[in-house]
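Engineer: Sequence isn't available, so here's the structure alone:
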């Protein structure tokens, strides 16, 4: 497999706009939490922004997987407000792509950090992942025989 992101350059970016609503507020995890944009949702949209940018550069049969996040959620965003999320390529090393990620609402920055993704061969990655299930099933069968 060759890496299909040869045309990708440092500085390339992708921006998504998300409306804070009942599908992405902290209350989806626990109704005792506050009705604001949830940190896990902000991080998920940061990853989505980065992965959707990479899709434009990958070859058929490739996918990207998240490998790391270091994010700060610094300000709450209430229901009804839009959050603009941007992922910008800051580094490329063979299959590894690093991003600066930022989230902003109408009042300013609400989150920022770094995110790393790796380009993988979709079929090989899933085969290796599914082998974990096979190995675990075999381990359980062996334990039951003892």
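Structural biologist: Arrived safely, thanks for sending. Note that this is a predicted model, so its numbers are computed, not measured.
Engineer: got the contact list for the residue nearest to residue 48 when sequence neighbours are not counted?
Structural biologist: Of all residues beyond its chain neighbours, the one nearest residue 48 is residue 16 (6.5 Å), with distances taken as CB to CB, 6 or more residues apart in numbering. Every residue, glycine included, has its C-beta placed from N, CA and C. Residues near residue 16 by CB atoms under 8 Å, 6 or more residues apart in numbering: 45, 48-49, 52, 84-86.
Engineer: Farthest-apart pair in these, please.
Structural biologist: Across the contacts of residue 16, the longest distance by CB to CB is 14.4 Å; it joins 52 and 84.
Engineer: and the two? which has more neighbours close in?
Structural biologist: Between residue 52 and residue 84, counted using other CB atoms under 10 Å, residue 84 has the larger neighbour count: 16 against 13.
Engineer: tell me the secondary structure for residue 22?
Structural biologist: coil (DSSP: H, G, I helix; E, B strand; the rest coil).
Engineer: these two touch, right, it and residue 38?
Structural biologist: No - using CB atoms under 8 Å, residue 22 makes no contact with residue 38, being 11.0 Å away.
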